[in-house]
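J.: attaching a predicted model along with its sequence, questions to come.
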Amino acid sequence: MKIGKKYIGNNSTFFVAEEGQANLGDLNYAFRMVDAAAKTGVDAIEFQLANADDFYVKSHDMYKIYKDREFSEFQLKQLSEYVRSKDLELIVSPFSVRMVEIMANNGCSAFNINASDLVTPDIIDSVIDTKLPFFLSLLFASEEEIDWAVDRVIARGGSNYALLLGQHAMGNGNESLSVEHTNLGYISTLRNKYKVPVGFIDHTPEIWMPSCAVAAGARIITKHLALSRAEKGPDWQICLEPGEMRRSVEWVRSIKKSVSSIKKTIAPGENFDKSLMRRSIVSTNSLKKGDIIKKKDICFKRPGSGIPANREVDVIGKRLILDLEKDQVIKIEHLGE
């Protein structure tokens, strides 16, 4: 799977800084969020974008809130251009068909179908019609709903997509998701069942949680970013500040290298430690040049700089070509035929 210039596969992890709606309709603040994200090493930044008229009924309290946060199409184009200027991919979580169409024509790299719209047919269909890559967010989804959404995608000819596992429990007053409820073991189930890349939306407050998800098989990570939690913006309890985000990204990159290595390797410095901590074949008593080494003449002691203990068959029965003291490490050059 490819998003913009970035590949998602077994040897790479796509890390998304989720801005969500931290800008509250302030384009300059959105630019500041892009600047901050660009310095953390993430691959992309995600914005949740809505048209209030297509999102809430006008009688709902949230209608006016979202109406006040709307960007004009010109502002959305500016935002997209600014993201690209920082060498980031732009991910959009669209809350209307109209927003899908606008952002598909204004430089969006991929869409993230919000969990609230996992079972909204027209948004799924409109995203597929753009031919852009997309994610299906599975927060608070049942297995039946996941099946429905995937079947819908397949029926519409969609193929360039990934699934994002996650949980969302902040709406009922919880400050964040507890680690034991992250359900990371289900990542492998999703990968095996649907045969597509699987990622993780992290709604815990932990800096290290994305690394755990990568170790569990996640190929995509999304994590909320805040300029400062002290501002107490949207979802501030689960946000990382820029310095924390950078460390989280660095850990993910390191963990990814680790889990991608499927052969036994020797780490830098291990051979030195091995020479200190393994045992060598050592003489149990003084021996003379010409002596034939017997089993009783050897034992195994540290350091491991001599002949390894498991190679005693290469020593027993050999003739010494020089004298050895008691308790001396035997070297291969001490032995004749």
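T.: The structure has been received and is ready for your questions.
J.: what mean pLDDT does stretch 144-159 get?
T.: Taken as a whole, stretch 144-159 has a mean pLDDT of 97.
J.: alpha carbons of it, in CSV - could you do that?
T.: Listed next in CSV are the C-alpha coordinates belonging to stretch 144-159 (Å, rounded to 0.1, in the frame of the first residue of the first chain):
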residue,chain,number,x,y,z
GLU,A,144,-20.6,-7.8,12.2
GLU,A,145,-20.1,-4.1,11.4
ILE,A,146,-16.5,-4.7,10.3
ASP,A,147,-17.7,-7.4,8.0
TRP,A,148,-20.4,-5.2,6.6
ALA,A,149,-17.9,-2.3,5.9
VAL,A,150,-15.4,-4.6,4.3
ASP,A,151,-18.0,-6.3,2.2
ARG,A,152,-19.2,-2.9,1.1
VAL,A,153,-15.7,-1.9,0.1
ILE,A,154,-15.2,-5.0,-1.9
ALA,A,155,-18.6,-4.8,-3.6
ARG,A,156,-17.7,-1.3,-4.8
GLY,A,157,-14.3,-2.4,-6.2
GLY,A,158,-12.2,-0.9,-3.4
SER,A,159,-8.9,-2.5,-2.7
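J.: now do that stretch: distance to the chain's middle.
T.: Centroid displacement of stretch 144-159 relative to its chain, using C-alpha atoms, centre = their mean, to the nearest Å, is 25 Å.
J.: in it, what counts as buried?
T.: 146, 148, 149, 150, 152, 153, 158 (16 or more other C-beta atoms under 10 Å). From N, CA and C alone the C-beta is placed, and that goes for glycine too.
J.: again with stretch 131-147
T.: For stretch 131-147, the buried set under the neighbour-count rule, 16+ other C-beta under 10 Å, comprises 132, 133, 134, 135, 136, 137, 138, 139, 141, 146.
J.: who touches that stretch?
T.: Stretch 131-147 is contacted by residues 1-3, 91, 93, 104, 108-115, 118-119, 127-128, 149-150, 153, 158, 160-168, 190, 199, 201, 203, 220 when judged by C-beta atoms under 8 Å, 6 or more residues apart in numbering.
J.: so of these, which ones are in strands?
T.: Among those, the members falling in strands (DSSP state E) are 2-3, 91, 93, 110-113, 161-166, 199, 201, 220.
J.: from these, which would you call buried?
T.: 3, 91, 93, 110-113, 161-166, 199, 201, 220.
J.: quick one, which of those residues has the minimum pLDDT?
T.: residue 166 (90).
J.: now do the strands in the stretch 1-150 of the chain.
T.: 2-3, 6-7, 14-20, 44-49, 89-94, 110-113, 134-137 (DSSP state E, counting those that start in this stretch).
J.: show me which of the buried residues of stretch 131-147 is closest to residue 298.
T.: residue 138 (62.2 Å; C-beta to C-beta).
J.: ramachandran angles for that closest one?
T.: Backbone torsions of residue 138, given as degrees, to the nearest 10, read phi -110, psi 20.
J.: check the gap between it and residue 90 for me.
T.: Residue 138 is 22 Å from residue 90, where distance means C-beta to C-beta, to the nearest Å.
J.: same thing with residue 239?
T.: 19 Å.
J.: same check on residue 5?
T.: In this view, residue 5 and residue 90 are 12 Å apart by C-beta to C-beta.
J.: which elements pack onto the lengthiest helix in the chain?
T.: Using DSSP state H to define each element, the chain has its longest helix at helix 242-260. Applying 3 or more C-beta pairs under 8 Å, 6 or more residues apart in numbering; DSSP states H and E, one finds that helix 242-260 contacts strand 14-20, helix 27-38, helix 209-215, strand 220-224.
J.: now render these as a markdown table, adding distance to residue 54.
T.: Formatted as a markdown table, the helices and strands packed on helix 242-260 follow (distance: least, C-beta to C-beta, whole Å):
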| stretch | distance to residue 54 |
| --- | --- |
| strand 14-20 | 19 |
| helix 27-38 | 20 |
| helix 209-215 | 32 |
| strand 220-224 | 24 |
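J.: and for residue 229, the neighbour number?
T.: The local packing of residue 229 (other C-beta atoms under 10 Å) involves 15 other residues.
J.: an error on my part: the question was meant for residue 334.
T.: Residues lying near residue 334 (other C-beta under 10 Å) number 21.
J.: same deal with residue 63?
T.: Residue 63 - counted by other C-beta under 10 Å - has 15 other residues nearby.
J.: any idea how far the spatially closest residue to it that is not a sequence neighbour is from residue 48?
T.: Counting by C-beta to C-beta, 6 or more residues apart in numbering, the nearest residue to residue 63 once its immediate chain neighbours are dropped is residue 56, at 4.2 Å. Taking C-beta to C-beta as the measure, residue 56 falls 14 Å from residue 48.
J.: go on, residue 268?
T.: Separation of residue 268 from residue 48 (C-beta to C-beta): 43 Å.
J.: contacts for the one helix or strand in the chain whose mean pLDDT sits lowest, please.
T.: Least confident helix or strand, the chain: strand 6-7 with a mean of 86, by mean pLDDT, DSSP states H and E. By C-beta under 8 Å, 6+ apart, the surrounding residues in contact with strand 6-7 are 1, 12, 14, 43, 44, 89.
J.: could you rerun that using 10 Å?
T.: Contact with strand 6-7 is made by 1, 12, 14, 15, 43, 44, 88, 89, 109, 110, as judged by C-beta atoms under 10 Å, 6 or more residues apart in numbering.
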